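Chemist: Coordinates only, no sequence provided:
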Ligand SMILES: Cc1ccc2cc(C(N)=O)cc(O)c2n1
């Protein structure tokens with residue numbers, strides 16, 4: 001077809017589908033060179049016909065004019081911190097408290113996940129389009145980092161599929177993988193610039209750049225771990241069903257996440273992730289367990305700033321990396 005508008009749409013869909021395969025399914029469909037070739041073809045077509053550019057085009061990820069400052073964002077649903085458990089006994093107590101409070105005798109299903117050591121971020125999608133990204137800040141007020149979040153390839157600019165919520169707020173962690181962190185510090189060293197102490201600091205520094213071209217040059221990845229606001233879609237009954245919905249919409253969810261039936265399964269998961277820890281591409285500082293059923297999460301509620309229905313089970317502190 002020689003209709004440039006249809007050509008542009010088809011190139012965008014192709015690139016967005018390849019990104020989904022690469023980031024969400026961890027199963028690349030084509031070599032990077034092929035992706036880059038089609039990306040350049042779209043770029044050329046948009047240069048020839050500027051009014052064909054759409055907000056969700058993969059070419060629109062890198063902002064240009066640096067911001068003077070970050071706007072503040074009020075989180076309609078507070079971004080919570082997590083209570084900690086440091087040993088098995090505290091984990092048994094956590095489960096016991098839950099079963100007593102719920103007044104159930106059955107074994108509780110939890111969702112268990114690695115606790116990524118990055119920066120918590122909120123992504124707001126309206127009619128499937130990414131309209132705002134914000135840092136956690138103090139949990140109530142964060143910074144508007146939308147232009148910077150758009151530069152992260154694993155953050156979809158548009159939700160996948162035609163049947164998406166009217167409004168969806170996704171929460172997740174932005175991390176910098178070890179390999180990217182080492183390369184960044186090597187470049188910083190070369191340029192006589194300051195080195196980052198660890199990947200979490202490097203991710204925070206990269207996300208809070210006023211110039212999004214710098215953010216675009218940094219190896220950042222996003223992993224979704226929960227949803228806060230949801231409108232125009234039937235709320236999933238469990239946390240695991242919610243994570244499946246996020247994957248379907250094109251959000252990257254950590255592949256290590258499992259549903260665990262009772263405390264023994266949680267402890268096996270904890271041991272498994274601890275053994276995997278040094279082979280993972282990114283830093284983690286423990287695992288997170290959440291009651292799977294949302295009706296039980298609602299019954300359990302929160303204590304001050306942390307949910308009663310979730311806990312972080314921390315690893316022993318790693319010997320500090322000496323840079
Ligand atoms: C509610 C909550 C708060 C902080 C979290 C932090 C992480 C994390 N750092 O991976 C994962 C989660 O599921 C979290 N969930």
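Modeler: Received the coordinates, thanks. Being a predicted model, the structure only gives us computed values, none of them experimental.

Chemist: Any stretches of the protein with poor pLDDT?
Modeler: In the predicted model of the chain, residues 319-323 satisfy pLDDT under 70.

Chemist: Tell me where it has helices.
Modeler: Applying DSSP state H to the chain gives helices spanning 4-19, 32-48, 88-102, 146-149, 178-190, 199-207, 212-216, 239-248, 263-276, 294-300.

Chemist: Let's have those in JSON lines, adding mean neighbour count.
Modeler: Quick note: C-beta positions are derived from backbone N, CA and C, even for glycine. Shown next, in JSON lines, are the helices of the chain (neighbours: other C-beta atoms under 10 Å):
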{"stretch": "helix 4-19", "mean neighbour count": "16"}
{"stretch": "helix 32-48", "mean neighbour count": "14"}
{"stretch": "helix 88-102", "mean neighbour count": "14"}
{"stretch": "helix 146-149", "mean neighbour count": "24"}
{"stretch": "helix 178-190", "mean neighbour count": "15"}
{"stretch": "helix 199-207", "mean neighbour count": "21"}
{"stretch": "helix 212-216", "mean neighbour count": "19"}
{"stretch": "helix 239-248", "mean neighbour count": "18"}
{"stretch": "helix 263-276", "mean neighbour count": "16"}
{"stretch": "helix 294-300", "mean neighbour count": "15"}
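
Chemist: Nearest to residue 62, out of those?
Modeler: Of all the helices of the chain, it is helix 212-216 that lies closest to residue 62, at 4.3 Å by C-beta to C-beta.

Chemist: Of all residues in this protein, which one is nearest the centre?
Modeler: The centre of the chain sits closest to residue 223, judged by C-alpha atoms, centre = their mean, with a distance of 2.7 Å.

Chemist: what's across from the residue of the stretch 51-200 of the chain found nearest the ligand in the sheet?
Modeler: With C-beta to the nearest ligand atom, the shortest gap between the stretch 51-200 of the chain and the ligand falls at residue 116, namely 3.8 Å. In this entry, residue 116 is beta-bridged to residue 284, by DSSP bridges.

Chemist: Distance-wise, check the nearest residue to residue 124 once chain neighbours are set aside relative to residue 169.
Modeler: Leaving aside its sequence neighbours, residue 124 sits nearest to residue 132 (C-beta to C-beta, 6 or more residues apart in numbering; 4.3 Å). Distance of residue 132 to residue 169, given as C-beta to C-beta, to the nearest Å: 9 Å.

Chemist: hey, what's in contact with both of the two?
Modeler: Common contact partners of residue 132 and residue 169 (C-beta atoms under 8 Å, 6 or more residues apart in numbering): 122, 123, 124.

Chemist: Pull the number of nearby residues for the last one.
Modeler: In other words, residue 124. Residue 124: 19 surrounding residues under other C-beta atoms under 10 Å.

Chemist: Touching, it and residue 142? I think so.
Modeler: No. Counting by C-beta atoms under 8 Å, residue 124 does not reach residue 142; the two are 11.5 Å apart.

Chemist: residues shared between the contacts of those two?
Modeler: With C-beta under 8 Å, 6+ apart, residue 124 and residue 142 have common neighbours residue 134.

Chemist: now the helices of the chain as a markdown table including distance to residue 163?
Modeler: Listed next are these as a markdown table, based on distance: least, C-beta to C-beta, whole Å:
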| stretch | distance to residue 163 |
| --- | --- |
| helix 4-19 | 16 |
| helix 32-48 | 26 |
| helix 88-102 | 33 |
| helix 146-149 | 24 |
| helix 178-190 | 35 |
| helix 199-207 | 31 |
| helix 212-216 | 31 |
| helix 239-248 | 9 |
| helix 263-276 | 32 |
| helix 294-300 | 21 |
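
Chemist: Kind regards, and thank you for your time.
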